[in-house]
Each structure stands twice: as structure tokens, then as C-alpha cells.
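In: A predicted structure for the sequence below; I have some questions about it.
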Amino acid sequence: VFLRSLWSNRHWIRSELRLSTLPGVVGGPFAGVAILHQTFPTGQVIEASLKCQLTRTVRHHKSTTTKHVDMWSSTIHVSRSLSGSAPGTTAIPISFAIPYDCLSTKTGTGGSKGTTDSVRWLLSLTEKDKVGAGAAVFEVPVFRTSSSCKDYQLDAQLTEEYLEKIDPLTVLRRYNM
């Protein structure tokens, strides 16, 4: 089962991420292009999620406990890839606005005695509504910079044509309303 899972996800494992904002900015943008080494049928929606995860490790005498807490997350659904991709690949545009009150990436900083906190930002891509279809996960750098802004707004026109259009009636029907 493990080997079959690796074989079926081999395309996702080789995925690449090309960032246009390096690093991602707290109170600013996170943008780039994910290159998936697989082609998809027309209309296949890719779900891209960016999340900030706080990991707290507490060491007691002989035991250690680790807790993961999602501090913030956002998801977009991309229904159209960028044109001009290399054969056998799909280029997915990614763009998020990161709120000003989010945490920056940090590794292993000591809190109180025996406590270690770290903050990771994870970008994951999956096929929407397909369980077990594979996933690409990237750990990305996100920091507060001199360009951080409390009221940053993402320019929606940059990615609007690539995002899935949501039909409210379809959503209501899905939930029998």
C-alpha cells in the first residue's frame, strides 16, 4: 500500500514552487507559481491552501508533547492554469494576502522552561474534491518586512481569471436549500 501510494503520487512529489514574492510578507502579498509535473483535464480545479502553523513542544521529565495549532489559513480554488507550461506540466498561479496580525516564520525559539515554539508557513496543493489523489506541500518563508502594511489589499484582478467561479445556486442545492 505504501509503495502504491508513492507511485501514484510521484508527479506531486516532483512539484516545484517559484515565488514572485520572496519572502511572503506579513501584512502584504504571497505570490508565485506552482509547477505540477502532471497534466489535468480541462476544468479540473486545484485547491491551494496557505496556512500558518504554530508548533509547541513541551518537555517534561521523561516525556515530550507536541501540539500543532493552525493560527491562520486561506484557500483558493484555481480552475485555469497558466498558458505556456512545459509539456507534461501544469502551472498554477498562487496569490494570497497575509493579514498584518499573523506571525512570522521562526524556528525553535525557547518559551518558558522546557517549551519550544516554532512557526511554519505551509502551502499545499491538491485536486479539489478528490480524496487520496495526491498533494504537493511546500514550506515557505513569511516575514514582517518594511513593506508590511496594516490595511494591505490583494489586487484581485491579477488572479481573477484563473480562479474557480462559484455559483450560489449550486452551493444551495448541494446543501438541499
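Out: Structure received.

In: Please make it C-alpha for all contacts and neighbour counts, starting now.
Out: Fine.

In: Okay, and residue 21 sits in which element?
Out: Assigning secondary structure by DSSP states H and E places residue 21 outside every helix and strand.

In: Residue 123 against residue 140, yeah?
Out: Yes. Look at residue 123 against residue 140 with CA atoms under 8 Å: they come within range, at 7.0 Å.

In: residue ranges with poor pLDDT in this protein?
Out: Within the chain, the stretches with pLDDT under 70 are 1-14, 109-112, 131-134, 157-159, 161, 166-167, 170-171, 174, 177.

In: just the strands in it please.
Out: Chain-ordered strands for the chain, with DSSP state E as the definition, fall at 16-19, 24-25, 28-36, 46-60, 63-78, 90-98, 106-110, 115-127, 135-140, 142-143.

In: Against residue 115, how distant is the spatially most central residue of the chain?
Out: For the chain, residue 123 is the residue whose C-alpha lies nearest the centre (CA atoms, centre = their mean; 2.3 Å). Going from residue 123 to residue 115 by CA to CA, to the nearest Å gives 26 Å.

In: Repeat that for residue 46.
Out: Looking at residue 46 against residue 115, where the rule is CA to CA, the gap reads 37 Å.

In: Out of the strands of the chain, flag the one nearest residue 173.
Out: Residue 173 lies closest, by CA to CA, to one member of the strands of the chain: strand 63-78, at 19.6 Å.

In: picking up where we left off before, how near is the residue nearest to the centre of the chain to residue 172?
Out: Residue 123 sits at a distance of 29 Å from residue 172 (criterion: CA to CA).

In: Now for residue 56: which residues touch it?
Out: If you count contacts by CA atoms under 8 Å, 6 or more residues apart in numbering, residue 56 has them with 66, 67, 68, 115, 116, 117, 118.

In: Run through the bridge partners of the closest residue to it other than its chain neighbours.
Out: Nearest residue to residue 56, sequence neighbours excluded (CA to CA, 6 or more residues apart in numbering): residue 117, at 4.6 Å. Taking DSSP bridges as the rule, residue 117 bridges to residue 56, residue 109.

In: isn't residue 117 right next to residue 57, touching?
Out: Yes. Counting by CA under 8 Å, residue 117 touches residue 57, with 6.4 Å between them.
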